[in-house]
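Trainee: make a model of this:
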Amino acid sequence: MQTFFFTCVATSRKPIFDRQNLDFINAIIQCCEYFSLRPSFLLHALSIMPNHIHFLYSEIDCKTDFNTRFLRFTTKQILSTNNLRLKHERVSFTSNYNDRKTQVWRPRSKLILVHNKQQYFAVKRYIHSNHLKEFWKGAAFNQKFPSLTFSPRFWD
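Mentor: Down below sits the predicted model:
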């Protein structure tokens, strides 16, 4: 079993996870629920920030490939949700890359292998305290989305 700290950032650091975009947050929650039902995947912590998301998770058989599948699934969900909106309510996901028209996530999301108990708890603390930082207090995301905890006794 391997444990990972995964961070994905919205393209151009757009604050797409705010009060106007609760449907985008629902896409994230649906994806996490889907993976949580799999016996080979264990979600420990999650924090949804205005323009990025942090995960702490374990893959038991290392075949889940959560990070890649998460990015694909949520991209499809967010783009299809966005297309159902009225034109003036849509978020622009125009890409600067030649191989695609739209892009939800920045390329090269951060994926870090957690090697030991100390790193696990340090990452978990970081995830749970990230939304409390001074930088986010003045953001448009005034209703701070709480970080969620799963399986709190993982290392005990």
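Trainee: and after the lengthiest helix in the chain, which helix or strand comes next?
Mentor: Ranked by residue count under DSSP state H, the longest helix found in the chain is helix 66-84. If you walk from helix 66-84 toward the C-terminus, the next helix or strand you reach (DSSP states H and E) is strand 110-114.
Trainee: partner strands of that following strand, with direction?
Mentor: If you go by DSSP bridges, strand 110-114 pairs up with strand 2-9 (antiparallel).
Trainee: I'd like to know which elements the following helix or strand past the strand it pairs with is packed against.
Mentor: Toward the C-terminus, strand 2-9 is succeeded by helix 22-36 as the next helix or strand (DSSP H and E). When contacts are defined as 3 or more C-beta pairs under 8 Å, 6 or more residues apart in numbering; DSSP states H and E, helix 22-36 packs onto strand 41-48, helix 66-84. (Each C-beta comes from the backbone N, C-alpha and C, glycine too.)
Trainee: one more time with 10 Å
Mentor: Using 3 or more C-beta pairs under 10 Å, 6 or more residues apart in numbering; DSSP states H and E as the contact criterion, the neighbours of helix 22-36 among helices and strands are strand 41-48, strand 52-59, helix 66-84.
Trainee: send me that helix as CSV with only the CA atoms.
Mentor: This file holds the C-alpha atoms of helix 22-36, laid out as CSV (Å, rounded to 0.1, in the frame of the first residue of the first chain):
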residue,chain,number,x,y,z
LEU,A,22,-21.3,24.6,-6.0
ASP,A,23,-22.1,22.3,-8.9
PHE,A,24,-18.4,22.0,-9.6
ILE,A,25,-17.8,21.1,-6.0
ASN,A,26,-20.4,18.4,-6.4
ALA,A,27,-18.4,16.9,-9.2
ILE,A,28,-15.5,16.6,-6.8
ILE,A,29,-17.6,15.0,-4.1
GLN,A,30,-19.1,12.5,-6.6
CYS,A,31,-15.7,11.4,-7.8
CYS,A,32,-14.5,11.0,-4.2
GLU,A,33,-17.6,8.9,-3.3
TYR,A,34,-17.0,6.7,-6.4
PHE,A,35,-13.4,6.0,-5.4
SER,A,36,-14.3,5.5,-1.7
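Trainee: start at 282, not 1
Mentor: Got it, the first residue is 282 from now on, which makes the last one we talked about helix 303-317.
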